[in-house]
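Participant: turn this into a structure:
(chains A, B, C and D)
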Protein chains: 2
Amino acid sequence: MEKDTKYKAKLDYVESLGMFFETLGLPRMAGRIFAWLLVCDPPHQTAAQIAEALGASRGSLSTNLRLLSHFKMIDKICKRGDRSAYFVCRPDSLIDATANKIRFFDELKKLLQKGIGILEAEPFESADRLKGTYEIYDFLEIELLRALENYYKNFNRDSE
Amino acid sequence: MEKDTKYKAKLDYVESLGMFFETLGLPRMAGRIFAWLLVCDPPHQTAAQIAEALGASRGSLSTNLRLLSHFKMIDKICKRGDRSAYFVCRPDSLIDATANKIRFFDELKKLLQKGIGILEAEPFESADRLKGTYEIYDFLEIELLRALENYYKNFNRDSE
DNA sequence: CTTACATTTCAACCAATACTGAAATTTAAA
DNA sequence: TTTAAATTTCAGTATTGGTTGAAATGTAAG
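Facilitator: Reported below is the predicted structural model:
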């Protein structure tokens, strides 16, 4: 009974944590899965175990586990003589998610350059608005990438 | 004819730029409006003018102009003896949008602390996974906020 | 090869959200 | 106060995207 209460509390917690990961741009279920893998025991789980814990369908698990694998937010682990696949989360991947968002600034900058080209011919100051916007993202991107670099340096990470 | 072509190119450009602003978490139409206000001439426009340019309904304009005003991404300007309201974009607001996202890390950190409390009693290492995640966001938040501070310092902004 | 279990795919359903258009309301001029 | 123009509200509609469950496929053991 004690244990049941604790387990339920854990599931509630997974729910709220999952909602947060959803805001990273993931489907809700993918957020839940990642949250579950962050707190479950043992740390590696089969799709069936996760489905059971979250009360979700196998289909949804399959789809979202593939998604999370694709984004390298989880690892898929297989063993000889075992037809189950096991999944583990990679907490570090959250940094990469952030890094990708910052790199996205680059696309915007390109787009703004294009716009400046289009508007420069016009006699109005509209190009200035775009130039101002460009300045903002240019500076922010540099600063934020520097921040990330510090992170990598500080935590002695070796890849990506 | 020349002019029509240019105008159409501008509208296409607004469309792609708008798609970008959508990724900030805005409704698509709000993104379009902000993009339009970034390139239009004159820089201040009535809801009717924007609706005309974007081919959108008045209702949608009303809703999304209110939204953008609420987030301080645009200003609403009224004049005595004129029942129209005029709207102008605030390009600087994009910084604040970024800043708010970073502050959002704070909520996650609180949530992670809560989880660490829940799991600490358990004999497993699951709390360690959460602690690792906490470290990541704690460091990132500090670095990113430092980056923003640099921005404000550099561009001599006076508010927020 | 066959059986048993595990995973993936996919069509149908469902929920969330945005957009429209018309009616109601507000605002300024007559 | 009445009229005209602009804005807001809101019910209905469309669209998007996620989830389910069952059928198909894959995989290891017997």
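
Participant: list the contacts of residue A:88.
Facilitator: Shown in contact with residue A:88 (C-beta atoms under 8 Å, 6 or more residues apart in numbering or on different chains): A:37, A:43, A:44, A:74, A:75, A:77. In this view, the C-beta of every residue, glycine as well, is placed from N, C-alpha and C.

Participant: what subset of those residues is buried?
Facilitator: When the contacts of residue A:88 are checked for burial by 16 or more other C-beta atoms under 10 Å in any protein chain shown, the buried set is A:37, A:43, A:44, A:74.

Participant: distance of the nearest residue to the last one once chain neighbours are set aside relative to chain B?
Facilitator: Spelled out, it's residue A:74. Spatial nearest neighbour of residue A:74, chain neighbours left out: residue A:68 (4.4 Å); criterion: C-beta to C-beta, 6 or more residues apart in numbering or on different chains. Distance, residue A:68 to chain B, using C-beta to the nearest C-beta, to the nearest Å: 15 Å.

Participant: quick revisit: DNA strand C: which of the contacts of residue A:88 is nearest?
Facilitator: Using C-beta to the nearest atom of the strand, residue A:77 is the member of the contacts of residue A:88 that sits closest to DNA strand C, with 10.4 Å.

Participant: near DNA strand C at all, the host helix or strand of that closest one?
Facilitator: Per DSSP states H and E: residue A:77 is located in strand A:74-79. No. Judged by C-beta under 7 Å from any atom of the strand, strand A:74-79 stays clear of DNA strand C, getting no closer than 7.7 Å.

Participant: I'd assumed residue A:24 was in a strand, is it?
Facilitator: No. Counting by DSSP: H, G, I helix; E, B strand; the rest coil, residue A:24 falls outside a strand, being coil.

Participant: torsion angles phi and psi at it?
Facilitator: phi -70, psi -10 (degrees, to the nearest 10).

Participant: neighbours around it, how many?
Facilitator: Using other C-beta atoms under 10 Å in any protein chain shown, the number of residues around residue A:24 comes to 16.

Participant: can you tell me the element the most centrally placed residue in chain A falls in?
Facilitator: Residue closest to the average C-alpha location in chain A (C-alpha atoms, centre = their mean): residue A:97, at 4.4 Å. Residue A:97 is part of helix A:93-120 when elements are defined by DSSP H and E.

Participant: name the next helix or strand following that helix along the chain.
Facilitator: Scanning forward in sequence from helix A:93-120 by DSSP H and E, the next helix or strand is helix A:126-155.

Participant: can you point out the buried residues in that next one?
Facilitator: With burial defined by 16+ other C-beta under 10 Å, the residues of helix A:126-155 counted as buried are A:126-127, A:129-131, A:133-134, A:136-137, A:139-141, A:143-145, A:147-148, A:150-151.

Participant: check these against DNA strand C, which are close?
Facilitator: Okay, of those, nothing touches DNA strand C (C-beta under 7 Å from any atom of the strand).

Participant: who's sitting farthest from the centroid in chain A?
Facilitator: Distance from the C-alpha centroid of chain A, by C-alpha atoms, centre = their mean, peaks at residue A:123 (43.4 Å).

Participant: contact partners for the spatially closest residue to residue A:95 that is not a sequence neighbour?
Facilitator: Excluding its sequence neighbours, the residue lying closest to residue A:95 (C-beta to C-beta, 6+ apart) is residue B:136, at 5.8 Å. Counting by C-beta under 8 Å, 6+ apart, residue B:136 touches A:91, A:92, A:94, A:95, A:151.

Participant: ok, the residue farthest from the centre of chain A to DNA strand C distance?
Facilitator: 30 Å (C-beta to the nearest atom of the strand, to the nearest Å).

Participant: relative to residue B:41, how far out is that residue?
Facilitator: Residue A:123 is 9 Å from residue B:41, where distance means C-beta to C-beta, to the nearest Å.

Participant: quick one on the thing from earlier: and the strand holding residue A:77, what does it pack onto?
Facilitator: helix A:28-39, helix A:58-70, strand A:82-89 (3 or more C-beta pairs under 8 Å, 6 or more residues apart in numbering or on different chains; DSSP states H and E).

Participant: for DNA strand C, what are the nearby residues on chain A?
Facilitator: Residues of chain A lying close to DNA strand C (C-beta under 7 Å from any atom of the strand) are A:46-48, A:58-59, A:61-63, A:65-66, A:83-85.
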